[in-house]
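Engineer: sequence unknown, structure follows:
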C-alpha cells in the first residue's frame, strides 16, 4: 500500500518520485518496466550511438505503414530503463518557444502560459553558466556547454551566419531564433539523465520505493476512482494499491495504451478487443503527432578525426575511450548533435518553424545503418506539424506494442515547409565555412534539385526525431483527456504527466519541457484538496 504510485520511470516519473518523496510522511512507489541505468553506454555520452543500434534500454517500436513516407514504417525508439528516454537521447537542453506555452493556455489550459511555466524550468535547472532571468542555478538537472566540442561544430555555426542567420549563444534565452551550439544535460563529462538528477541522489529515502522490471498491465478502478495498478514482474501478476493517486507517466505511446487496456478510452475500440468499458473517453489515443525530420548526409573521407567506420576511426575511438575513462573528456563526451539552430522556412513566419541538428557522423537512415567512412550530417525538423494521427491497441495483450500512426506528412503544408527547410539546410552546408572541407552529398540526395525531387527524397527518407506527443491531450474539449491539473476527465485519483498531455508540440526537443511539466505537476498534486 502506497500513497502515490507512479507508472513509468522516465523523465516525468523520476521528477515526481523525487519531489513527492520529499515529504517523509508519504510512501511513493515508482514502477519501471526496464532495468536500472547501470550501463556505461548510458553514462558515456557517445554511448548513445551504440544504444541506438543495439536496441538496449529501448522499446524499439515502429509505426504502421505511413502513406506520407511512401508506405514505409517509421522507427519509434522509447527508453526502457530508469530515466526513460533521457537515458538514451542526445541530451540537448531546449525548451521550445515562449509562444508554444501561451498557445497552450489560450486553448483552455490556465496555468500553462510561458510566464507561469518559466519558474518551473528555472527550478529544475542547475546551469553551469549561472542563474539569470531565464535560467536557474542549484536545481537537480545539470545543464552545461559541451566539455570537448568537435572543431567542425563551430564551422557549422559560422556557415549558418554566412547563409544569413543570426548567431545565438542561448536558445533558451530572450530569443530562440538563430544558429549556435546546444547546451546539454551533462555533468563532469557524463550524461545527466532525469534519473541521475532526481532519482539517484534520493534512493536512500525510506519512503521511496523504486521497482524495476515491473510492467504495468492495468490501472485498477473502484467506481470512478483509481485505486492501484496491476503489474507483471518476473512472470507473475500482482496488485499494488494507492491511497491517494495513480500517476501515469508512461509517455505518449504507452500512457494511452495503458488507459485503454484499463477500460478507459473509446468504447468501440475497447469492445473490438473484448475489454470491458470502465470509463468512456473518446480522445484517448487521438491527436498523436511528432516532429518529422529528414537528414542530409555528406561524405568527407579526409576528415578522419570524425566518427566513422575505418581503421583510423577505430583508433580514434580507442584513444577516446582511454581519455574518457581517465579524464571524462575528449571525443566520447560528444552528444553528436552538438550544433544547430531554429530558423524560419520563409520570411513571413512569425517564429521559427524549423530546427536544425548538425551531427559529427554519417547518419544514414537516421544512424541505424552502419556506413563506411567519415562525414557529417544535418537534420532539418518541422517544429509544428499540422498532421495529426492516432494510437490504437493491437490487441488486449498488454505486452503487445500499440499501433502507432503519427500520420507523417499527411498535410500538404508540412511537406511544403520541409521542402523549404531542406533547401535552407543545403544552403548552409554549402557555405565557405563548411565547403572548405570538400564534403559531398551522398547520391541519395545529390540528385534532388527541383521541389518535386526534394519532396520525393523527403518521403523516401524522413522519419521522427523522437518527440511523439499529444495522445492524451490536455484541455476542456470533448476529445481532451486531462484537465489543466492533469487529472483524467471524469475520474478521481488519476493523472497523466508526460508528453502525451501536450495540446500541441513545442518548438524544440521535448525532454526539458517534460521535466518542467512534472515539476509543475508535483506542486499540483501536493496542493490538491
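Structural biologist: Looks like it arrived, so ask away. None of these values were measured; they are calculated from a predicted model.
Engineer: how near is residue 136 to residue 124?
Structural biologist: From residue 136 over to residue 124 the distance is 7 Å, taken as CB to CB, to the nearest Å. Quick note: C-beta positions are derived from backbone N, CA and C, even for glycine.
Engineer: scratch that, residue 481 is what I was asking about
Structural biologist: Counting by CB to CB - residue 481 and residue 124 are separated by 25 Å.
Engineer: same deal with residue 528?
Structural biologist: To residue 124, residue 528 is 21 Å away according to CB to CB.
Engineer: Have a look at those two and say which one is more surrounded.
Structural biologist: residue 124 (22 against 12; other CB atoms under 10 Å).
Engineer: check contacts around that one.
Structural biologist: 15, 136, 139, 140, 141, 512, 515, 516, 519 (CB atoms under 8 Å, 6 or more residues apart in numbering).
Engineer: 10 Å - rerun?
Structural biologist: By CB atoms under 10 Å, 6 or more residues apart in numbering, the contact set of residue 124 is 15, 136, 139-141, 143, 194, 197-198, 512, 515-516, 518-520.
Engineer: And residue 350, by the same measure?
Structural biologist: 97, 99, 344.
Engineer: element containing the residue lying closest to residue 299 once chain neighbours are set aside, please.
Structural biologist: Nearest residue to residue 299, sequence neighbours excluded (CB to CB, 6 or more residues apart in numbering): residue 375, at 4.6 Å. Using DSSP states H and E, residue 375 maps to strand 373-382.
Engineer: ok, that strand: who's next to it in the sheet?
Structural biologist: Counting by DSSP bridges, the strands paired with strand 373-382 are strand 292-299 (antiparallel), strand 308-309 (antiparallel), strand 354-359 (antiparallel).
Engineer: taking these together, which one is wrapped up most tightly?
Structural biologist: strand 354-359 (a mean of 26; mean count of other CB atoms under 10 Å).
Engineer: chain center to that strand, what's the gap?
Structural biologist: 15 Å (CA atoms, centre = their mean, to the nearest Å).
Engineer: average pLDDT for that strand?
Structural biologist: Strand 354-359 shows a mean pLDDT of 97.
Engineer: so who does the residue nearest to residue 299 touch?
Structural biologist: Counted by CB under 10 Å, 6+ apart, residue 375 has contacts 297-301, 303, 306-308, 359-364, 437, 439-442.
Engineer: who touches the lowest-mean-pLDDT helix or strand in the chain?
Structural biologist: Using mean pLDDT, DSSP states H and E, strand 308-309 stands out as the lowest-scoring helix or strand of the chain, at a mean of 72. Under the criterion CB under 10 Å, 6+ apart, residues 299-301, 314, 316-317, 360-362, 370-376 lie in contact with strand 308-309.
Engineer: Now the buried members of those residues.
Structural biologist: Neighbour counting by 16 or more other CB atoms under 10 Å classes 299, 300, 316, 360, 361, 362, 371, 374, 375, 376 among those as buried.
Engineer: quick one: common contacting residues for residue 136 and residue 124?
Structural biologist: What both residue 136 and residue 124 touch, as defined by CB under 10 Å, 6+ apart, is the set residue 143.
Engineer: Skip the chain neighbours and tell me the closest residue to residue 362.
Structural biologist: Here the residue nearest residue 362, using CB to CB, 6+ apart, is residue 375, at 4.3 Å.
Engineer: no, scratch that, I was asking about residue 447
Structural biologist: In space, residue 447 is closest to residue 453, 6.7 Å off (CB to CB, 6+ apart).
Engineer: Let me know how buried the one you found is, in neighbour terms.
Structural biologist: 13.
Engineer: ditto for residue 347
Structural biologist: 5.
Engineer: Spit out the contact partners of it.
Structural biologist: Here residue 347 is in contact with no residues (criterion: CB under 10 Å, 6+ apart).
Engineer: Look up which helix or strand it falls in, please.
Structural biologist: Here residue 347 is assigned to no helix or strand, by DSSP H and E.
Engineer: Can you give me the distance of it to residue 424?
Structural biologist: From residue 347 to residue 424 the distance is 12 Å (CB to CB).
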